[in-house]
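Peer 1: here's my sequence, what's the structure:
(2 chains)
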Protein chains: 2
Amino acid sequence: MKFKVKDMDLASGGPSIAILNQKDAEKLDLHPGDRILIKHNNHQTTCVLDISESRKAVAQGSIGLFEEVLDKLNVKHNSIVELKFTGKPDSVRHIRDKLYGKQLNDEELYHIIDDITNDRLTQIEKTYFVSAGFINGWSTDEIVGMTKAMVETGQRIKFGKVTLDKHCIGGVPNNRTTMIVIPIIAAAGFIIPKTSSRAITSPSGTADTMECLADVQMNERKIKQVVKKTGACIVHGGSMNLAPADDKIIEVEHPLSIDAEGQLLASVMAKKYSVSANYVLIDIPMGPEVKVKTKQEAAHLKKMFKLIGKKLGMHVNVIITDGSQPVGNGIGPLFEAEDVMSVLNNDPLAPEDLKKKSLFMAAELLSMTKHYNRRRAYKKVKEILDSGLALKKMNEIIKAQGKRKLPAVGEHRHPCKSSKEGKVVNINNKNISKIARIAGAPKDKGAGIYLNKKVGDRVKKGELLYTVYSESKFKLGLVKELLRTGNGYKVS
Amino acid sequence: MKFKVKDMDLASGGPSIAILNQKDAEKLDLHPGDRILIKHNNHQTTCVLDISESRKAVAQGSIGLFEEVLDKLNVKHNSIVELKFTGKPDSVRHIRDKLYGKQLNDEELYHIIDDITNDRLTQIEKTYFVSAGFINGWSTDEIVGMTKAMVETGQRIKFGKVTLDKHCIGGVPNNRTTMIVIPIIAAAGFIIPKTSSRAITSPSGTADTMECLADVQMNERKIKQVVKKTGACIVHGGSMNLAPADDKIIEVEHPLSIDAEGQLLASVMAKKYSVSANYVLIDIPMGPEVKVKTKQEAAHLKKMFKLIGKKLGMHVNVIITDGSQPVGNGIGPLFEAEDVMSVLNNDPLAPEDLKKKSLFMAAELLSMTKHYNRRRAYKKVKEILDSGLALKKMNEIIKAQGKRKLPAVGEHRHPCKSSKEGKVVNINNKNISKIARIAGAPKDKGAGIYLNKKVGDRVKKGELLYTVYSESKFKLGLVKELLRTGNGYKVS
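Peer 2: Numbers count the residues shown, from 1 in each chain, chains lettered A, B, ... in the order given. Next up, the predicted model:
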């Protein structure tokens, strides 16, 4: 059957969507969510069907196509395309099996991950996949199968025979240890190509922070050049198509803030496996407002990371760290970059907690290689930082990636002061993050928060707790409105 | 904040959807799936947010609204509306709790069902709700709570102190016992207001079949008149807003053909509870291509129906019947209506299986009232049918609802003949249904199939198995194409 294309002027941001008029759909016994194959010249693509009840949106004889489909078929408004029937993908059957409690094999998991990667599943189908795994759980073999499938359906890069990496499962504002650990390890002579993410719900991701200092968006060829020259990189992984299914799964986890353990494990391990890392240090922050809340949970996750690592032929070490408050003083891309550079500069006012944690992590990672025991590893990383070698390496990395001019600090400011005297007993990570985001972070690089007090510090009534910076008066107004419901600090 | 309305010229068919330009969304730290409150004069409504990456679809300063939202707010293209922040509904938290295995109380279930009824949940959130219940299971108390919530968030109608009803959980083509049982029971002097559904994936629902004979779309006032006059009705429940959450839940079950037991129980019982039925007979067909496949499943479902009924103060009886092949000879609205009328007319060529099953069911239902024991009940219903009283009552119901002229039989026909001699050992319900649907049923009333052979019948090579009827040559062409992959009969 032939249909005339209507350019819907809409992007789904995910599945390839085509819309038929209800009358045409009835004639062909097609329903919302059914798959149809659309052909035009040498191009063809499978679309998920939506139905339009009104003639206005899509008339009979027409087919409404979203931007993703127009691009794939290389067609325009009023082009004529051919429609063919096609059944639901096999992966839908496998998802159904998982809902019924069946354990999936590698091939079945590959089908599902491949269809997710190529946008052949609807949001509803992906949600069933995530919830089935969340409730019924994933076996170790399934997680390994899922990890491999995520890697195989994306790009894979090999850097060196020994490649180090680190990862933090997140939730703690600032905590920019990566940007200190990477130059230290590279200065010690090891290869450590770090692909980082941008913030989704946090005030800044490592990629957002690094971008204040250097370019982070680059292709595989450029990344290889940087790593060859400096032994390291700190770039945005998103532009490299590493384990692309991962982000598409996170999309449906986000609305319910689901943290399915199996998904988390596969997500982290797939990103590391994609860059052929074989010595990986994982940081699990623990605290009341981060993913992992208890020692038991942390110990279990640690065991699982090591087990999955072993099955994938990777050496994995896991540390459990304090996730109860921000690490460092600045929150937001620019403020975090300044914290990092002050540590690398051996600035006496550099945040002590960030420095201490970074040194500990660098030593742990170094000792994994068996070239150093823990004590000697710590001595080595301390020397590298103190001597300025780490700073020198960071400047090399920045130059190789493409140095950027530091953005300006947000010119609109609001001081947040203590309403009483006492000791800071708690800083709520989530509230502080929300304030920094409303102020404009991470899109506005110079927006964020500078903390003057941390947990344990004494404050007087009226003393400054932190300052909020924003690039826009409007956004600072929204922050002031938000602060009326609480400032994230508990003083008593 | 104020935004200018863009009429998106699209209907979601479900959630109230509003679209902001990505830049505006970033400024306000809003994400896809977030809730926003939109106000205009005295109207306001909560919408689910979508983001447009392109300026073409929704420009900065504009807000794209779907038809559902335009109607609720009573606004037009270029109207100015106000946007306010609003958090996720509480029900999302309850759904999350259910995913984590928590048992929900009546109030929490009410929140969820109320938000589903009022389109305040996204497809993803609804899918989590269904899958959490499907995998973790619903307790009896939760099912009762869900049933009550479905009834309370819809319309409830009271007919009489003693109100009878029947329900079949479906899956068997034709099987139009309702249209024979209802007039028999009404002729026996009982009140039995039957609200039926239209086909979703089957070739005809009772409402579609009845519509060949009489109007089925009517409001509450008219239905009450019909029941007052005749003691019964056979109408479409969809127009009455009975347990409206049910259809909205089925929407997300459909893509994976999930039949969550708890959902099925709540769905059926809510529809009965909404019409204040207190004597209910439930038909569970069992067979390889219907919902219930084994005796164990059937027995369990039977127990659950009776238990839920008891907790709701309803007398429930459950029969387990043969669901292995179609009941009756015709498939499709007109052919099924003709089967029904031939039984009521005591036509010697009327399908014996349909007649026998209807008499059995009518007797079971009658004996539930305690006015008759089983033997006397059977004698009574047989008398009512044989004497023509059932036909007379059916004609009264048809007249009261509004008699319709019988539609014409589809003029395009295709005979399907046996390719060998032997005995019919199987008729595949799903294949036969698909053929009838492709032929045009249920939208084209005169489209469908007339079966000449049933399971157990002997056939010669070249002898007619069935005839397919269609109102369009095009659709009959599609049927012929489909028949090449199999005709649904097994002869050996």
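Peer 1: may I have the beta-bridge partners of residue A:84?
Peer 2: Per DSSP bridges, the residues bridged to residue A:84 are residue A:37.
Peer 1: name the nearest residue to the residue most central in space within chain A, sequence neighbours excluded.
Peer 2: In chain A, the residue lying closest to the centroid (C-alpha atoms, centre = their mean) is residue A:197, at 4.3 Å. Of all residues not flanking residue A:197 in the chain, residue A:205 sits nearest, at 4.8 Å (C-beta to C-beta, 6 or more residues apart in numbering or on different chains). C-beta coordinates here come from the backbone N, C-alpha and C atoms, glycine included.
Peer 1: so how far is residue A:199 from the one you found?
Peer 2: According to C-beta to C-beta, to the nearest Å, residue A:205 and residue A:199 sit 4 Å apart.
Peer 1: sorry, back to before: who touches the residue nearest to residue A:197 in this structure?
Peer 2: Residues near residue A:205 by C-beta atoms under 8 Å, 6 or more residues apart in numbering or on different chains: A:196, A:197, A:198, A:199, A:442.
Peer 1: now for these: which two are most distant?
Peer 2: Using C-beta to C-beta, the contacts of residue A:205 reach their maximum pairwise distance at A:196 and A:442, which is 12.3 Å.
Peer 1: so which helix or strand takes in residue A:129?
Peer 2: Using DSSP states H and E, residue A:129 falls within helix A:123-136.
Peer 1: buried set for whichever helix or strand comes after that helix?
Peer 2: Next along the chain after helix A:123-136, taking DSSP H and E as the criterion, comes helix A:140-152. Neighbour counts over helix A:140-152 (16 or more other C-beta atoms under 10 Å in any protein chain shown) mark A:142, A:143, A:144, A:145, A:146, A:147, A:148, A:149, A:150, A:151, A:152 as buried.
Peer 1: so what does helix A:140-152 touch, helix or strand wise?
Peer 2: helix A:106-117, helix A:245-253, helix A:261-274, helix A:295-311 (3 or more C-beta pairs under 8 Å, 6 or more residues apart in numbering or on different chains; DSSP states H and E).
Peer 1: apply 10 Å and report the result again.
Peer 2: helix A:106-117, helix A:123-136, helix A:245-253, helix A:261-274, helix A:295-311 (3 or more C-beta pairs under 10 Å, 6 or more residues apart in numbering or on different chains; DSSP states H and E).
Peer 1: residue A:80 is nearest to which of the ones you listed?
Peer 2: Judging the helices and strands packed on helix A:140-152 by C-beta to C-beta, what sits closest to residue A:80 is helix A:106-117, at 28.0 Å.
Peer 1: can you list the buried residues in the closest one?
Peer 2: So, applying 16+ other C-beta under 10 Å, buried residues of helix A:106-117: A:108, A:109, A:110, A:111, A:112, A:113, A:114, A:115, A:116, A:117.
Peer 1: so residue A:51 sits in a strand?
Peer 2: Yes: assessed by DSSP: H, G, I helix; E, B strand; the rest coil, residue A:51 belongs to a strand.
Peer 1: give me the number of residues near it?
Peer 2: 21 (other C-beta atoms under 10 Å in any protein chain shown).
Peer 1: check residue A:352 too.
Peer 2: Counted with other C-beta under 10 Å, residue A:352 comes out at 12.
Peer 1: what residues are up against it?
Peer 2: Going by C-beta atoms under 10 Å, 6 or more residues apart in numbering or on different chains, residue A:352 touches A:328, A:329, A:343, A:454.
Peer 1: quick revisit: the helix holding residue A:129 and chain B, are they touching?
Peer 2: Yes: using C-beta under 10 Å from any C-beta of the partner chain, helix A:123-136 reaches chain B at A:123-132, A:134-136.
Peer 1: between the two ends of stretch A:159-171, how far is it?
Peer 2: End-to-end distance of stretch A:159-171: 29 Å, with C-alpha to C-alpha, to the nearest Å as the criterion.
Peer 1: same question, stretch A:414-432
Peer 2: 14 Å.
Peer 1: list the buried residues in that stretch.
Peer 2: A:414, A:416, A:418, A:424, A:427, A:428, A:429, A:431, A:432.
Peer 1: again with stretch A:447-463
Peer 2: A:447, A:448, A:449, A:450, A:451, A:453, A:454, A:455, A:459.
Peer 1: so how many other residues sit close to the residue of the stretch 151-300 of chain A found nearest chain B?
Peer 2: Chain B sits closest to residue A:255 of the stretch 151-300 of chain A, with a gap of 4.6 Å, by C-beta to the nearest C-beta. Neighbours of residue A:255 under the rule other C-beta under 10 Å: 24.
Peer 1: ok, it - contacts?
Peer 2: Here residue A:255 is in contact with A:123, A:127, B:31-34, B:48, B:88, B:92, B:95-96, B:121-125, B:128 (C-beta under 10 Å, 6+ apart).
Peer 1: quick check: PyMOL command selecting the buried ones in those residues.
Peer 2: Only the buried entries of those go into this PyMOL selection, using 16+ other C-beta under 10 Å:
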select buried, (chain A and resi 123+127) or (chain B and resi 32+33+34+48+88+92+95+96+121+122+123+124+125+128)
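Peer 1: where does chain A dip in pLDDT?
Peer 2: A:13 (pLDDT under 70).
Peer 1: whichever strand or helix holds residue A:317 pairs with which strands?
Peer 2: According to DSSP H and E, residue A:317 maps onto strand A:315-322. Sheet pairing of strand A:315-322 (DSSP bridges) gives strand A:279-286 (parallel).
Peer 1: for the stretch 201-350 of chain A, what lies in contact range of chain B?
Peer 2: Where the stretch 201-350 of chain A comes near chain B, counting by C-beta under 10 Å from any C-beta, the residues are A:201, A:251, A:252, A:253, A:254, A:255, A:256, A:257, A:258, A:260.
Peer 1: hmm, 7 Å instead?
Peer 2: Counting by C-beta under 7 Å from any C-beta of the partner chain, the residues of the stretch 201-350 of chain A close to chain B are A:252, A:255, A:256.
Peer 1: what count of nearby residues applies to the first one?
Peer 2: One way to gauge burial is a neighbour count; for residue A:252, by other C-beta under 10 Å, it gives 26.
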